[in-house]
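Visitor: Can you look at this prediction? I've put the sequence above it.
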Amino acid sequence: MDLRYNLRMKRALVLQHVAHEGPGRLRATLDALNVEVEVRRLDRGEALPVELVPYDLVVVMGGPMGVADVDDPDHAYLRGELELLRSALAEDVPVLGFCLGAQLIAHALGARVYPNQLGEPPLKIREVGWGPLTLHHEADELGLLSGLHDAEVTLHWHGDTFDLPTGAEWLASTLHCRHQMFRHGRAIGIQFHPEIDEAGLEQLLDADAAYVRATLGRQGAERIRRDTKRFYARYRETGDRLLQNVVRALLGVMTH
């Protein structure tokens, strides 16, 4: 299948917060769909655009910061980023968010974002590394999950979660985190990480070494690397399919 079939050039704005959480394999998906990619490194002081007219898609990547850091001067760009997302939602500009990006979209839609917790009394739960994911095909009106099984193994890397925005389709969950993916109109939030490639995972392991140790113990990084050898081939296949489905749906590209 030629993914460039009958497509005009479109333009995606990618908002990146740290060096080790870039677009990854999403870039190849956008390239194949003839989408020009413009990356803004907000952590390096690169400015948000004044208007959204030039863009057909806004993509918000992950990062170790969170919605709770909106008033932190070290992450001053988050407030402007939220305002940009609210404008995109109001103007019906397609928006896609991964991890932090999904949380920011949920927050812009009025949903609560907070530390992931389980039990009584509640204990904070982090999901870090490879783990199962349940996909809710019955709620999927656009075929975003087409080609995926009801359960897949994917890469998780988060400590926060969010309530499902009012009116959103609930598309994925895990045992320890109820809301893993949603669609609200032309906005899609993905809490897990279908976009990370092997090189990006190594960068993530290096940059977040302390976070991994605190979550999985001293051998946590080695465990993730072992699991990568076991799961990566299928993860790449399903992740690329999901990314293609999502981008096609957001840009209104029909499958031929």
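Guide: Yep, it's here.

Visitor: Let me see the contact set for Leu175.
Guide: Neighbour list for Leu175: Pro132 [criterion: Cβ atoms under 8 Å, 6 or more residues apart in numbering]. In this view, the C-beta of every residue, glycine as well, is placed from N, C-alpha and C.

Visitor: Just confirm it is within a strand.
Guide: No: judged by DSSP: H, G, I helix; E, B strand; the rest coil, Leu175 forms no part of a strand; its state is coil.

Visitor: That one and Asp56, how far apart?
Guide: According to Cβ to Cβ, to the nearest Å, Leu175 and Asp56 sit 36 Å apart.

Visitor: got it, and Asp69?
Guide: According to Cβ to Cβ, Asp69 stands 29 Å off from Asp56.

Visitor: can you check Arg11 too?
Guide: Distance from Arg11 to Asp56, by Cβ to Cβ: 6 Å.

Visitor: Between these two, tell me which one has more neighbours.
Guide: Asp56 (18 against 13; other Cβ atoms under 10 Å).

Visitor: mind listing what the more buried one touches?
Guide: The contact partners of Asp56, by Cβ under 8 Å, 6+ apart, come to 10-12, 35, 93-94, 251.

Visitor: tell me which residues in stretch 187-202 are buried?
Guide: 187-197, 200-202 (16 or more other Cβ atoms under 10 Å).

Visitor: I'd like a version of those in a markdown table, one that adds distance to Val128 and secondary structure as further columns.
Guide: Shown next, in a markdown table, are the buried residues of stretch 187-202 (distance: Cβ to Cβ, whole Å; DSSP: H, G, I helix; E, B strand; the rest coil):
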| residue | distance to Val128 | secondary structure |
| --- | --- | --- |
| Ala187 | 26 | strand |
| Ile188 | 23 | strand |
| Gly189 | 19 | strand |
| Ile190 | 16 | strand |
| Gln191 | 13 | coil |
| Phe192 | 11 | coil |
| His193 | 11 | coil |
| Pro194 | 16 | coil |
| Glu195 | 17 | coil |
| Ile196 | 13 | coil |
| Asp197 | 18 | coil |
| Gly200 | 15 | helix |
| Leu201 | 12 | helix |
| Glu202 | 15 | helix |
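
Visitor: Can you name the two of those that sit furthest apart?
Guide: Maximum pairwise distance among the buried residues of stretch 187-202 (Cβ to Cβ): 30.7 Å, between Ala187 and Glu202.

Visitor: Around His75, how many other residues sit close by?
Guide: Using other Cβ under 10 Å, His75 is surrounded by 19 other residues.

Visitor: quick one: pLDDT of it?
Guide: Per-residue pLDDT puts His75 at 96.
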